[in-house]
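1. model this:
(one chain, ligands or ions: 1)
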Amino acid sequence: APVPAPDMDGVAKVLDAALAKGAPGAMARFSGPEGVSIRKAGVRNRVTGAAMDTRARFRIGSVSKTFSTVVLLQLVDEGKVELDAPVNRYLPGLLPDERITVRHLLTHRSGLAEYTDPMFEKTVPGFEAVRKRVFTYQELVALSLKLPRTTEPGVAYKYSNANFVVVGMLIEKITGKPVATEYENRIFKPLGLRNTSYVHPGTRISGLHVRGYLHPDEAGGALVDSTEQTVSWAQSAGAVISNPVDLSRFMAALMKGRLLSPRMMDAMTTVTPTDPVNGRHYGLGLRRYDLSCGVQVYGHTGTVQGFYTYAFATRDGRRSFAAMANTSNKGEVNTTLGGTLEPAFCGKKPA
Ligand SMILES: CC1(C)S[C@@H]2[C@H](NC(=O)CCCC[C@H](NC(=O)C[NH3+])C(=O)[O-])C(=O)N2[C@H]1C(=O)[O-]
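-> Model (predicted):
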(Lines give C-alpha, C1' and ligand atoms only; values in the text may rest on other atoms or scores of the structure.)
Protein backbone atom coordinates (compact mmCIF):
# COMPACT_ATOMS: atom_id res chain seq x y z
CA ALA A 1 0.00 0.00 0.00
CA PRO A 2 1.28 3.49 -0.78
CA VAL A 3 3.06 5.06 2.20
CA PRO A 4 1.35 8.35 3.12
CA ALA A 5 3.73 11.31 3.42
CA PRO A 6 3.75 12.68 6.97
CA ASP A 7 1.41 15.60 7.61
CA MET A 8 3.95 17.72 9.47
CA ASP A 9 1.66 20.76 9.46
CA GLY A 10 -0.79 18.53 11.33
CA VAL A 11 2.02 17.56 13.71
CA ALA A 12 2.81 21.26 14.21
CA LYS A 13 -0.80 21.97 15.15
CA VAL A 14 -0.65 19.23 17.79
CA LEU A 15 2.58 20.67 19.22
CA ASP A 16 0.92 24.08 19.47
CA ALA A 17 -2.01 22.44 21.27
CA ALA A 18 0.44 20.84 23.72
CA LEU A 19 1.83 24.29 24.49
CA ALA A 20 -1.66 25.67 24.97
CA LYS A 21 -2.22 22.96 27.58
CA GLY A 22 0.87 23.89 29.55
CA ALA A 23 4.07 22.65 27.89
CA PRO A 24 6.81 25.32 27.67
CA GLY A 25 8.03 23.64 24.50
CA ALA A 26 7.60 20.61 22.24
CA MET A 27 9.26 19.11 19.21
CA ALA A 28 8.88 16.26 16.71
CA ARG A 29 11.08 14.64 14.09
CA PHE A 30 9.92 12.26 11.32
CA SER A 31 12.25 10.16 9.22
CA GLY A 32 10.95 8.26 6.20
CA PRO A 33 11.43 7.45 2.50
CA GLU A 34 10.82 11.13 1.74
CA GLY A 35 13.63 12.17 4.13
CA VAL A 36 13.55 13.94 7.47
CA SER A 37 11.19 16.67 8.62
CA ILE A 38 11.03 18.44 11.96
CA ARG A 39 8.64 20.72 13.78
CA LYS A 40 9.23 22.54 17.01
CA ALA A 41 7.42 25.01 19.23
CA GLY A 42 8.16 27.08 22.33
CA VAL A 43 11.28 27.00 24.47
CA ARG A 44 13.77 24.48 25.76
CA ASN A 45 14.73 26.89 28.56
CA ARG A 46 12.13 29.14 30.25
CA VAL A 47 14.79 31.41 31.80
CA THR A 48 16.88 32.17 28.71
CA GLY A 49 13.99 31.78 26.27
CA ALA A 50 16.20 29.54 24.09
CA ALA A 51 14.05 27.95 21.40
CA MET A 52 13.27 24.24 21.31
CA ASP A 53 15.90 22.40 19.25
CA THR A 54 15.57 18.91 17.77
CA ARG A 55 19.29 18.31 18.31
CA ALA A 56 18.87 18.82 22.07
CA ARG A 57 19.02 15.92 24.51
CA PHE A 58 16.43 15.09 27.16
CA ARG A 59 15.36 12.36 29.60
CA ILE A 60 13.38 9.66 27.76
CA GLY A 61 11.85 7.96 30.80
CA SER A 62 10.38 4.56 30.04
CA VAL A 63 11.55 4.54 26.44
CA SER A 64 14.63 3.28 28.36
CA LYS A 65 12.69 0.01 28.89
CA THR A 66 13.05 -0.81 25.19
CA PHE A 67 16.83 -0.31 25.41
CA SER A 68 16.97 -2.63 28.44
CA THR A 69 14.80 -5.18 26.64
CA VAL A 70 17.12 -5.20 23.61
CA VAL A 71 20.14 -5.95 25.81
CA LEU A 72 18.33 -8.76 27.64
CA LEU A 73 17.00 -10.31 24.42
CA GLN A 74 20.52 -10.21 22.97
CA LEU A 75 21.54 -12.28 25.99
CA VAL A 76 18.67 -14.68 25.19
CA ASP A 77 19.95 -14.86 21.60
CA GLU A 78 23.40 -15.67 23.02
CA GLY A 79 21.94 -18.51 25.08
CA LYS A 80 22.85 -16.87 28.38
CA VAL A 81 19.29 -16.53 29.69
CA GLU A 82 15.95 -18.15 28.91
CA LEU A 83 12.78 -16.13 28.47
CA ASP A 84 10.58 -18.69 30.24
CA ALA A 85 12.97 -19.50 33.05
CA PRO A 86 12.18 -18.32 36.59
CA VAL A 87 13.91 -15.04 37.46
CA ASN A 88 15.14 -16.70 40.65
CA ARG A 89 17.24 -19.13 38.61
CA TYR A 90 19.54 -16.18 37.82
CA LEU A 91 18.89 -14.10 40.95
CA PRO A 92 18.37 -16.76 43.66
CA GLY A 93 15.94 -15.72 46.37
CA LEU A 94 15.22 -12.29 44.89
CA LEU A 95 11.51 -12.73 44.25
CA PRO A 96 9.03 -14.37 46.63
CA ASP A 97 7.42 -16.39 43.82
CA GLU A 98 9.44 -18.93 41.84
CA ARG A 99 6.76 -18.82 39.13
CA ILE A 100 7.74 -15.29 37.99
CA THR A 101 9.67 -15.69 34.73
CA VAL A 102 11.88 -13.37 32.68
CA ARG A 103 9.08 -13.06 30.13
CA HIS A 104 6.65 -11.97 32.86
CA LEU A 105 8.98 -9.04 33.64
CA LEU A 106 9.18 -7.91 30.00
CA THR A 107 5.40 -8.08 29.54
CA HIS A 108 4.48 -6.43 32.88
CA ARG A 109 2.69 -9.65 33.92
CA SER A 110 4.83 -10.50 36.99
CA GLY A 111 2.50 -8.97 39.58
CA LEU A 112 5.36 -6.93 41.07
CA ALA A 113 3.76 -3.75 42.44
CA GLU A 114 4.46 -0.23 41.19
CA TYR A 115 6.58 1.40 43.92
CA THR A 116 6.48 4.80 42.18
CA ASP A 117 2.77 5.16 42.97
CA PRO A 118 3.38 5.80 46.69
CA MET A 119 6.79 7.38 45.94
CA PHE A 120 5.24 10.10 43.78
CA GLU A 121 1.78 10.33 45.35
CA LYS A 122 2.62 13.94 46.17
CA THR A 123 4.31 14.99 42.95
CA VAL A 124 6.80 17.72 43.90
CA PRO A 125 7.58 16.59 47.49
CA GLY A 126 7.96 13.03 46.19
CA PHE A 127 10.30 14.20 43.43
CA GLU A 128 12.36 16.47 45.72
CA ALA A 129 12.74 13.59 48.20
CA VAL A 130 14.46 11.39 45.59
CA ARG A 131 15.92 13.76 42.97
CA LYS A 132 19.43 13.46 44.43
CA ARG A 133 19.06 10.00 46.00
CA VAL A 134 20.98 6.99 44.77
CA PHE A 135 19.10 3.73 45.22
CA THR A 136 20.45 0.22 44.84
CA TYR A 137 18.41 -2.11 42.66
CA GLN A 138 17.70 -4.16 45.79
CA GLU A 139 16.22 -1.13 47.57
CA LEU A 140 13.84 -0.52 44.68
CA VAL A 141 12.78 -4.18 44.58
CA ALA A 142 12.23 -4.06 48.34
CA LEU A 143 9.96 -1.01 47.90
CA SER A 144 7.88 -3.02 45.43
CA LEU A 145 7.78 -6.17 47.56
CA LYS A 146 6.43 -4.13 50.49
CA LEU A 147 3.25 -3.63 48.44
CA PRO A 148 0.69 -6.32 47.62
CA ARG A 149 1.33 -8.13 44.35
CA THR A 150 -1.04 -7.05 41.61
CA THR A 151 -1.68 -10.34 39.81
CA GLU A 152 -0.75 -14.03 39.81
CA PRO A 153 2.28 -14.41 37.52
CA GLY A 154 1.31 -14.35 33.86
CA VAL A 155 -2.39 -13.76 34.45
CA ALA A 156 -2.76 -10.02 33.74
CA TYR A 157 -0.91 -6.95 32.43
CA LYS A 158 -0.12 -4.55 35.28
CA TYR A 159 2.55 -2.00 34.35
CA SER A 160 5.31 -1.64 36.92
CA ASN A 161 8.78 -0.07 36.86
CA ALA A 162 9.83 -2.86 39.23
CA ASN A 163 9.83 -5.29 36.29
CA PHE A 164 12.53 -3.35 34.48
CA VAL A 165 14.54 -2.74 37.62
CA VAL A 166 14.80 -6.55 37.84
CA VAL A 167 15.65 -6.63 34.11
CA GLY A 168 18.61 -4.34 34.95
CA MET A 169 19.64 -6.69 37.75
CA LEU A 170 19.46 -9.65 35.33
CA ILE A 171 21.64 -7.85 32.77
CA GLU A 172 24.28 -7.01 35.40
CA LYS A 173 24.25 -10.50 36.95
CA ILE A 174 24.49 -12.33 33.61
CA THR A 175 27.12 -10.05 32.02
CA GLY A 176 29.02 -9.15 35.18
CA LYS A 177 29.00 -5.56 33.90
CA PRO A 178 27.01 -2.39 34.69
CA VAL A 179 24.01 -1.76 32.45
CA ALA A 180 25.74 1.44 31.26
CA THR A 181 28.52 -0.67 29.71
CA GLU A 182 26.05 -3.04 28.08
CA TYR A 183 23.94 -0.20 26.62
CA GLU A 184 27.13 1.43 25.28
CA ASN A 185 28.68 -1.70 23.76
CA ARG A 186 25.52 -3.34 22.43
CA ILE A 187 23.44 -0.35 21.27
CA PHE A 188 24.88 3.17 21.57
CA LYS A 189 28.25 2.50 19.89
CA PRO A 190 27.13 0.05 17.17
CA LEU A 191 24.34 2.43 16.09
CA GLY A 192 26.45 5.58 16.50
CA LEU A 193 24.01 7.10 18.99
CA ARG A 194 26.29 9.98 19.96
CA ASN A 195 23.49 11.85 21.72
CA THR A 196 22.37 8.92 23.88
CA SER A 197 23.82 8.16 27.28
CA TYR A 198 23.24 6.47 30.61
CA VAL A 199 24.94 8.60 33.25
CA HIS A 200 23.26 7.29 36.44
CA PRO A 201 23.90 8.37 39.16
CA GLY A 202 25.03 11.63 37.50
CA THR A 203 22.34 14.31 37.63
CA ARG A 204 23.19 16.48 34.62
CA ILE A 205 22.30 16.30 30.93
CA SER A 206 25.54 17.23 29.16
CA GLY A 207 25.79 19.28 25.97
CA LEU A 208 22.87 20.93 24.20
CA HIS A 209 19.81 19.88 26.15
CA VAL A 210 16.20 20.66 26.99
CA ARG A 211 15.27 21.74 30.49
CA GLY A 212 12.25 19.92 31.93
CA TYR A 213 9.49 21.53 33.98
CA LEU A 214 7.31 19.62 36.42
CA HIS A 215 3.76 20.78 37.08
CA PRO A 216 2.89 20.80 40.81
CA ASP A 217 -0.34 19.15 41.96
CA GLU A 218 -1.71 22.55 43.04
CA ALA A 219 -3.56 24.14 40.11
CA GLY A 220 -1.76 27.27 38.93
CA GLY A 221 1.31 26.45 41.03
CA ALA A 222 4.73 27.48 39.73
CA LEU A 223 6.53 24.99 37.45
CA VAL A 224 9.53 23.25 39.02
CA ASP A 225 12.72 22.93 36.96
CA SER A 226 13.29 19.17 37.30
CA THR A 227 16.12 18.83 34.80
CA GLU A 228 18.84 17.78 37.23
CA GLN A 229 18.09 14.48 38.98
CA THR A 230 19.73 11.06 39.32
CA VAL A 231 16.63 9.17 38.07
CA SER A 232 17.93 6.52 40.46
CA TRP A 233 14.32 5.68 41.29
CA ALA A 234 14.09 4.15 37.79
CA GLN A 235 17.63 3.36 36.46
CA SER A 236 17.21 0.57 33.81
CA ALA A 237 13.46 1.34 33.83
CA GLY A 238 13.85 5.01 32.92
CA ALA A 239 17.20 6.79 33.17
CA VAL A 240 18.45 6.92 29.56
CA ILE A 241 19.08 10.33 27.93
CA SER A 242 18.68 10.76 24.18
CA ASN A 243 17.44 13.06 21.41
CA PRO A 244 15.02 12.72 18.47
CA VAL A 245 17.66 11.72 15.90
CA ASP A 246 18.99 8.92 18.08
CA LEU A 247 15.56 7.69 19.15
CA SER A 248 14.51 7.45 15.51
CA ARG A 249 17.74 5.69 14.60
CA PHE A 250 17.33 3.22 17.48
CA MET A 251 13.69 2.35 16.79
CA ALA A 252 14.33 2.05 13.03
CA ALA A 253 17.40 -0.17 13.51
CA LEU A 254 15.48 -2.33 15.97
CA MET A 255 12.57 -2.80 13.58
CA LYS A 256 14.97 -3.51 10.68
CA GLY A 257 16.40 -6.42 12.67
CA ARG A 258 19.84 -4.89 13.21
CA LEU A 259 19.89 -5.60 16.96
CA LEU A 260 18.08 -8.92 17.47
CA SER A 261 17.52 -12.23 15.67
CA PRO A 262 14.24 -12.73 13.74
CA ARG A 263 13.19 -15.13 16.53
CA MET A 264 13.68 -12.45 19.19
CA MET A 265 12.00 -9.79 17.03
CA ASP A 266 8.99 -12.11 16.71
CA ALA A 267 8.94 -12.54 20.49
CA MET A 268 9.34 -8.81 21.13
CA THR A 269 6.55 -7.80 18.74
CA THR A 270 4.10 -10.48 19.88
CA VAL A 271 1.66 -8.26 21.74
CA THR A 272 -1.41 -8.49 23.93
CA PRO A 273 -4.05 -5.73 24.11
CA THR A 274 -3.69 -3.33 27.03
CA ASP A 275 -6.21 -0.72 25.89
CA PRO A 276 -8.20 -2.25 23.01
CA VAL A 277 -10.49 0.78 22.62
CA ASN A 278 -7.47 2.91 21.72
CA GLY A 279 -5.65 0.15 19.81
CA ARG A 280 -2.86 -0.13 22.34
CA HIS A 281 -0.85 -3.27 23.00
CA TYR A 282 2.30 -4.36 24.83
CA GLY A 283 4.87 -6.92 23.72
CA LEU A 284 8.28 -7.39 25.33
CA GLY A 285 9.34 -3.93 26.55
CA LEU A 286 7.61 -2.53 23.47
CA ARG A 287 4.27 -0.89 22.80
CA ARG A 288 2.23 -1.31 19.58
CA TYR A 289 -0.26 1.37 18.65
CA ASP A 290 -2.79 0.58 15.88
CA LEU A 291 -3.54 3.89 14.15
CA SER A 292 -6.79 4.90 12.46
CA CYS A 293 -5.33 4.43 8.96
CA GLY A 294 -4.40 0.79 9.67
CA VAL A 295 -0.71 1.52 10.25
CA GLN A 296 0.74 -0.31 13.28
CA VAL A 297 3.63 1.44 15.00
CA TYR A 298 6.00 -0.04 17.56
CA GLY A 299 7.96 1.82 20.23
CA HIS A 300 7.56 3.19 23.71
CA THR A 301 6.38 6.20 25.64
CA GLY A 302 8.09 7.97 28.52
CA THR A 303 7.09 10.07 31.47
CA VAL A 304 9.84 11.39 33.74
CA GLN A 305 9.75 14.57 35.78
CA GLY A 306 9.74 17.38 33.23
CA PHE A 307 9.58 15.29 30.04
CA TYR A 308 6.97 13.40 27.94
CA THR A 309 8.31 11.31 25.07
CA TYR A 310 6.88 9.24 22.21
CA ALA A 311 9.30 7.16 20.09
CA PHE A 312 7.80 4.86 17.45
CA ALA A 313 8.53 3.22 14.06
CA THR A 314 6.72 1.10 11.49
CA ARG A 315 7.42 -2.66 11.58
CA ASP A 316 9.70 -2.38 8.53
CA GLY A 317 11.65 0.45 10.19
CA ARG A 318 11.29 2.61 7.06
CA ARG A 319 9.40 5.29 8.96
CA SER A 320 10.29 6.46 12.46
CA PHE A 321 9.19 9.34 14.65
CA ALA A 322 10.00 10.94 17.99
CA ALA A 323 8.08 13.67 19.82
CA MET A 324 8.78 15.34 23.18
CA ALA A 325 7.22 17.99 25.39
CA ASN A 326 9.27 19.44 28.27
CA THR A 327 6.75 19.14 31.04
CA SER A 328 5.00 16.38 33.03
CA ASN A 329 2.34 15.78 35.67
CA LYS A 330 0.02 17.34 33.11
CA GLY A 331 -1.95 14.45 31.60
CA GLU A 332 -3.65 16.56 28.94
CA VAL A 333 -0.25 17.56 27.55
CA ASN A 334 0.76 13.89 27.36
CA THR A 335 -2.47 12.86 25.66
CA THR A 336 -2.23 15.78 23.24
CA LEU A 337 1.39 14.98 22.38
CA GLY A 338 0.35 11.38 21.62
CA GLY A 339 -1.89 12.91 18.94
CA THR A 340 1.20 13.54 16.78
CA LEU A 341 1.37 9.86 15.79
CA GLU A 342 -1.71 10.03 13.57
CA PRO A 343 -0.59 12.92 11.29
CA ALA A 344 2.97 11.61 11.32
CA PHE A 345 2.15 8.06 10.18
CA CYS A 346 -1.28 8.44 8.54
CA GLY A 347 -0.62 11.70 6.71
CA LYS A 348 -3.19 14.33 5.87
CA LYS A 349 -6.79 13.37 6.69
CA PRO A 350 -8.99 13.35 3.57
CA ALA A 351 -10.86 16.69 3.36
C1 LIG B 1 3.31 4.21 32.23
C2 LIG B 1 3.95 5.60 32.39
C3 LIG B 1 2.96 6.71 32.11
S4 LIG B 1 4.60 5.75 34.06
C5 LIG B 1 6.09 4.93 33.69
C6 LIG B 1 7.40 5.66 33.95
N7 LIG B 1 7.35 6.87 34.68
C8 LIG B 1 7.16 6.87 36.03
O9 LIG B 1 6.97 5.86 36.66
C10 LIG B 1 7.14 8.26 36.69
C11 LIG B 1 5.81 8.45 37.33
C12 LIG B 1 5.71 9.77 38.07
C13 LIG B 1 5.99 10.92 37.16
C14 LIG B 1 5.37 12.22 37.67
N15 LIG B 1 3.99 12.08 38.12
C16 LIG B 1 3.65 12.25 39.41
O17 LIG B 1 4.44 12.49 40.28
C18 LIG B 1 2.18 12.08 39.73
N19 LIG B 1 1.89 12.27 41.14
C20 LIG B 1 5.40 13.18 36.49
O21 LIG B 1 4.37 13.29 35.80
O22 LIG B 1 6.48 13.74 36.24
C23 LIG B 1 7.45 5.88 32.47
O24 LIG B 1 8.09 6.60 31.81
N25 LIG B 1 6.30 5.15 32.25
C26 LIG B 1 5.21 5.76 31.53
C27 LIG B 1 5.08 5.13 30.14
O28 LIG B 1 5.53 3.98 29.98
O29 LIG B 1 4.53 5.83 29.29
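2. can you map out the helices along this protein?
-> 8-20, 64-77, 87-90, 102-106, 116-119, 123-130, 137-145, 161-175, 179-183, 189-191, 244-255, 262-268, 331-338, 341-346 (DSSP state H).
3. Flag every residue of the stretch 51-200 of the chain that's near the ligand.
-> By CB under 6 Å from any ligand atom, the part of the stretch 51-200 of the chain that sits against the ligand consists of 61-62, 116, 120, 123, 126, 159, 161. Any C-beta I mention is one placed from the backbone N, CA and C, and that applies to glycine too.
4. any chance of those residues in CSV, with neighbour count and distance to Glu139 too?
-> Below are these laid out as CSV (neighbours: other CB atoms under 10 Å; distance: CB to CB, whole Å):
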residue, neighbour count, distance to Glu139
Gly61, 25, 20
Ser62, 22, 20
Thr116, 21, 13
Phe120, 18, 16
Thr123, 19, 21
Gly126, 18, 16
Tyr159, 14, 20
Asn161, 27, 13
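5. Name the residues of stretch 280-298 that are buried.
-> Using 16 or more other CB atoms under 10 Å as the test for burial, stretch 280-298 gives 280-290, 295-298.
6. Likewise for stretch 196-205?
-> Neighbour-count burial for stretch 196-205 [16+ other CB under 10 Å]: 196-198, 200, 205.
7. Most widely separated two among the residues you listed?
-> The distance between the two most remote of these (CB to CB) is 13.5 Å, for Thr196 and His200.
8. give the contact list for the closest residue to Leu284 other than its chain neighbours.
-> In space, and not counting its chain neighbours, Leu284 is closest to Leu106: 4.0 Å by CB to CB, 6 or more residues apart in numbering. Contacts for Leu106 (CB atoms under 8 Å, 6 or more residues apart in numbering) come out as 69, 72, 83, 163, 167, 284-285.
9. Which per-residue confidence value corresponds to the most centrally placed residue in the chain?
-> Centroid-nearest residue in the chain: Val63, 1.5 Å away (criterion: CA atoms, centre = their mean). The per-residue pLDDT reported for Val63 equals 99.
10. Isn't it up against Leu247?
-> Yes - Val63 is within contact range of Leu247, at 6.7 Å (criterion: CB atoms under 8 Å).
11. which neighbours do those two share?
-> 309, 311.
12. Pro190 - how many residues pack around it?
-> By the measure other CB atoms under 10 Å, the count of residues near Pro190 is 12.
13. same question but for Val271, I mixed them up
-> 18.
14. and if you look at Pro343?
-> 24.
15. which one is it nearest to, not counting chain neighbours?
-> Gly10 (3.1 Å).
16. Hmm, that neighbour is touching Lys348, no?
-> Yes - judged on CB under 8 Å, Gly10 makes contact with Lys348 at a distance of 6.6 Å.
17. picking that back up, any chance of the buried residues of stretch 196-205 in TSV, plus pLDDT?
-> Converted to TSV, the buried residues of stretch 196-205 look like this (pLDDT from 0 to 100):
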residue	pLDDT
Thr196	98
Ser197	98
Tyr198	98
His200	98
Ile205	98
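18. quick check, nearest of those to Asp316?
-> Looking across the buried residues of stretch 196-205 and measuring by CB to CB, the closest to Asp316 is Thr196, at 22.6 Å.
19. For that closest one, list the residues it contacts.
-> Contacts of Thr196 (CB under 8 Å, 6+ apart): 187-188, 240-243, 246, 250.
20. Just the pLDDT for the closest residue in space to Lys132 that isn't next to it in sequence.
-> Counting by CB to CB, 6+ apart, the nearest residue to Lys132 once its immediate chain neighbours are dropped is Thr230, at 6.2 Å. pLDDT for Thr230: 98.
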